[in-house]
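> Following is a predicted model, sequence given first.
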Amino acid sequence: METKPTEIGSSKMFGGYNKRYKHFSPTLGCSMTFHIYFPPSSSPSHKFPILYWLSGLTCTDENFIIKSGAQRAASAEGVALIAPDTSPSKWSKALSFYVIIYPCFLWQWHQIKHMSWAHVVGGLNVEGEADSWDFGVGAGFYLNATQQKWKNWRMYDYVVKELPKLLSENFPQLDTSKASISGHSMGGHGALTIYLKNLDKYKSASAFAPIANPINCLWGQKAFTNYLGNDKAAWEVKYHLSNKCPSFLPIFYYLGVENKSKKEGKKLQEYDATCLIKKFHNVSATILIDQGEDDKFLHDQLLAHKFEEACRSMNVPLLLRLQPGYDHSYFFISTFVDDHIRHHAQALKL
């Protein structure tokens, strides 16, 4: 299979170019697509710092590129944007219509509820992968699944290891040593957890309406139980080593860990930013989070206040901006995305 990226689309925007690529991913065992926005440059030898964007539930690599308008600020700041897909998957044109054309897919579910999810999405033919919009295809949660059934769902390794290597080897105009990371909702969760576990790889992190404490919400519990298993003993070990993440629901033991605990010193896989801040708190750059106050998921699924409390207890610099009147949609993201681009540009240029 061809691992070298092949260009499958190109559009000029704000003097630069949105380009879409396809390649085979050995990590995920399937073909993947990703977008790069290349800002304009007067010198062919110029190397751009990069900002990874991780999208949320039901999204592909297209949502952010098409709907955010982030290219204007990225062009002005000279920052390349990298937008990968959200799971090992193949998305049909039918799903792209609802996800890309509609401003916010989650609010339009009633428009296609008469259709089977499997009719508009195609994945790896794993049983149950397309049964719901919040798990499986389009919902990789940026973790490495440990359950055999979901062995291809290794979006953490894809984003942190495979994709940067691919970019470094194939795009000389990108400076992958200068990288920051951001995302929305599930992607905000991914951005925060990946940043905290890899402070040496990323200069800064930000998020829009992140799932900030997934072990305390139904989205996270569903994903972790299925992807990571229900080994209660393993969870109890992990809970102890994670310095007592502030969580109290019985279901939390479902998080599980990879089978590495027998080897002393091995890093346990953890995917909850509120827990991780207790261990990886040597953060120098301020974490920026924007959260709409009218977001219907704020209090039940996103739990920004839990992350804020954890940051405060560990003296981690956090700027959490609650935005009155804004919801969970790309209308919200496009309103404040320029602030995030500038936030990262400053960190990348230090």
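Alright, I've got the coordinates.

> Would you check how far apart the residue nearest the centre of the chain and M13 are?
Nearest residue to the geometric centre of the chain (Cα atoms, centre = their mean): G187, 2.7 Å. To M13, G187 is 21 Å away according to Cβ to Cβ, to the nearest Å. From N, CA and C alone the C-beta is placed, and that goes for glycine too.

> Check L228 too.
To M13, L228 is 39 Å away according to Cβ to Cβ.

> who has more neighbours, the two?
In this view L228 and M13 are compared by other Cβ atoms under 10 Å, and L228 has more residues nearby, 24 against 17.

> these two touch, right, the more buried one and F141?
No. Contact criterion Cβ atoms under 8 Å: L228 and F141 do not qualify, at 9.5 Å.

> tell me the phi and psi of S168?
phi -60, psi -40 (degrees, to the nearest 10).

> hmm, who's touching whatever helix or strand H344 lives in?
Following DSSP states H and E, one finds H344 within helix 330-348. Identification of contacts with helix 330-348 by Cβ atoms under 8 Å, 6 or more residues apart in numbering yields 49, 51, 63-64, 67-70, 72-74, 77-79, 103-104, 178-180, 182, 184, 203-204, 206, 208-209, 285-286, 288, 290, 292, 295, 321, 323, 326.

> In strands, which of those fall?
Secondary structure from DSSP state E places 49, 51, 178-180, 182, 206, 208, 288, 290, 292, 321, 323 of the contacts of helix 330-348 in strands.

> Distance to H281 and neighbour count for the residues you listed - can I get that in a markdown table?
Shown next, in a markdown table, are the ones in strands among the contacts of helix 330-348 (distance: Cβ to Cβ, whole Å; neighbours: other Cβ atoms under 10 Å):
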| residue | distance to H281 | neighbour count |
| --- | --- | --- |
| P49 | 25 | 21 |
| L51 | 23 | 30 |
| K178 | 23 | 19 |
| A179 | 21 | 22 |
| S180 | 18 | 27 |
| S182 | 20 | 31 |
| S206 | 17 | 29 |
| F208 | 22 | 29 |
| L288 | 17 | 23 |
| D290 | 22 | 25 |
| G292 | 27 | 25 |
| R321 | 21 | 11 |
| Q323 | 26 | 17 |
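
> part of a helix, is W53?
No. Counting by DSSP: H, G, I helix; E, B strand; the rest coil, W53 is not part of a helix but strand.

> tell me the contacts of it?
64, 70, 81-83, 182-183, 187.

> partner residues bridging it?
S182 (DSSP bridges).

> how much space is there between H46 and P40?
In terms of Cβ to Cβ, H46 sits 10 Å off from P40.
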